[in-house]
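1. make a model of this:
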Amino acid sequence: MKPDRLFLKHLSHTSWLKVCRRSDPELNQCMSDLLLDMFPYLAAGVPELNIESFEPLHLDKVSISKGHGPIVLTGSLFDMEVFGPSNSTPTYTDMNLTEHKWNFGVNLPMLDIKSRYNMKGHILVLPLVGHGNCELKLYDIKTKVHTNFSMPIKNGREILSVDQMKVQFSVGHMRIKLYNLFNGNKVLGKYNYGETVNNFINKNAMEIIQELEESINQSMADIFIHLLNNIFAKLPTDLWLLSDEQFVEYERRKQSE
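-> Numbering: from 1, shown residues only. Here you go, the predicted model:
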């Protein structure tokens, strides 16, 4: 399939979208550069490519479930606004086009999450129940992302679609504020018990993160898979991941302009 000439004409003047050649022995480095260059531009949205801003990133719901150990929680964060994905920095990329596997590392200085929450359970020695607003900040996030992808045809053009994703992460620090803990119970409110729970969570943040690792891994996967598929659905591969034939045509058009 030859690249769309109208798009190639536009993209030849678009510095943020790097073009990679599938047969390039340095494909992994090219993909790292592509991710590094594209995220700040895509965060603001690209109207000519029908790409809406993803800063903040909107997520409907992230479930949390931990049924044993020092932390037992069931519930969810919902109506989420996630600030910070545009500051992602890729640390490595390993793309296998034959096996349709793409592994990469991403560091984020901070994710600032504003949402609603509904939780029930206990954290270490303290009970926790409530629903209301939540403010969550994660700092110094380091992730390793493992994906399986397909390359379906959409509207006559090939796209990349992430089908499965696993995320391993580490977080340097966390701050959280849960409003309306204990559903506004006046007796507990009189003794600032909700504030006590929030302070306890923040003081023991790293232990809590370790206990909730599986749920947070899945939450990170939900964020990344949503983000990548929204982007690549609007960026057919003939714009950035070219066959030899497409790459020759792309270079020829650049030289003739």
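2. quick one, domains of the protein?
-> Here the domain assignment for the chain is 1-52+239-257, 54-234, based on automatic domain parsing.
3. mean neighbour count and mean pLDDT added to these, as CSV?
-> The C-beta positions use only the backbone N, C-alpha and C, and glycine is treated the same way. Output for the domains of the chain, formatted as CSV (neighbours: other C-beta atoms under 10 Å; pLDDT from 0 to 100):
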stretch, mean neighbour count, mean pLDDT
domain 1-52+239-257, 15, 80
domain 54-234, 16, 89
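4. not counting its neighbours along the chain, what's nearest S170?
-> Leaving aside its sequence neighbours, S170 sits nearest to K142 (C-beta to C-beta, 6 or more residues apart in numbering; 4.8 Å).
5. now the strands for the stretch 151-257 of the chain?
-> Counting by DSSP state E, counting those that start in this stretch, residue ranges of the strands within the stretch 151-257 of the chain are 153-154, 157-158, 161-178, 241-242.
6. got the phi/psi numbers for Y179?
-> Dihedral angles phi and psi of Y179 (degrees, to the nearest 10) take the values phi -90, psi 150.
7. how close does it sit to S243?
-> When distance is defined by C-beta to C-beta, to the nearest Å, Y179 is 53 Å away from S243.
8. now the helix or strand where the residue nearest to S170 lies, how far from the chain's geometric center?
-> Under the criterion of DSSP states H and E, K142 resides in strand 126-150. Computed by C-alpha atoms, centre = their mean, to the nearest Å, the separation of strand 126-150 from the middle of its chain amounts to 10 Å.
9. mind checking the SS state of H68?
-> Judged by DSSP: H, G, I helix; E, B strand; the rest coil, the three-state class of H68 is coil.
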